[in-house]
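Undergrad: quick one, what's the 3D model for this:
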Amino acid sequence: MRPLAVSSAKRSSFYPDLPTVDEAGVPGYQSVSWYGLVGPKGMSPGLLNKIAEEAVRAGRDRGRQVRRRATGRGHGGEHASRVRFFRRGGAQSL
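TA: The predicted structure follows:
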């Protein structure tokens, strides 16, 4: 099996010679995925902020970043404001 392209907007540092789908002939194509944490309705703002801070801290951990890059994945450790951006459909305009 031979990969044809990566679905991100930029080439992968893990496969620098592999073109993006856009470069391979599908103009404007980009696929974005993300993961998030959810909690019960009515969660206290203090607890929500603590969980968000810890998730961001874990995502920015140097060892975790090295492992993500080694497997060709992008960055992580973003704040909940990015989730709101995705939920509002902002990702469609990236």
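Undergrad: all contacts plus neighbour counts: C-alpha atoms, from now on.
TA: Will do.
Undergrad: and Ile51, how many residues sit next to it?
TA: 15 (other C-alpha atoms under 10 Å).
Undergrad: before we move on, what SS does it have?
TA: In three-state terms, and counting by DSSP: H, G, I helix; E, B strand; the rest coil, Ile51 is helix.
Undergrad: so how far is Arg11 from it?
TA: Using C-alpha to C-alpha, to the nearest Å, Ile51 is found at 32 Å from Arg11.
Undergrad: tell me the mean pLDDT over stretch 39-53?
TA: The predicted model assigns stretch 39-53 a mean pLDDT of 87.
Undergrad: three-state assignment of the closest residue to Pro3 other than its chain neighbours?
TA: Sequence neighbours aside, Leu18 is the residue nearest to Pro3 in space, at 7.7 Å (criterion: C-alpha to C-alpha, 6 or more residues apart in numbering). Secondary structure, three-state DSSP: Leu18 is coil.
Undergrad: wait, what's in contact with Leu18?
TA: Pro3, Leu4, Ala5, Val6, Arg11, Ser12 (C-alpha atoms under 8 Å, 6 or more residues apart in numbering).
Undergrad: any of those residues buried? List them.
TA: The neighbour-count test (16 or more other C-alpha atoms under 10 Å) marks Ala5, Val6, Arg11, Ser12 as buried among the contacts of Leu18.
Undergrad: report the beta-bridge partner residues of the residue nearest to the third one when sequence neighbours are not counted.
TA: Distances taken as C-alpha to C-alpha, 6+ apart place Thr20 nearest to Arg11, at 5.7 Å, with adjacent residues excluded. Residues in a beta bridge with Thr20, per DSSP bridges, are Val6.
Undergrad: so which bits of stretch 7-21 are buried?
TA: Buried positions in stretch 7-21, judged by neighbour count with 16+ other C-alpha under 10 Å: Ser7, Ser8, Ala9, Arg11, Ser12, Leu18, Pro19, Thr20, Val21.
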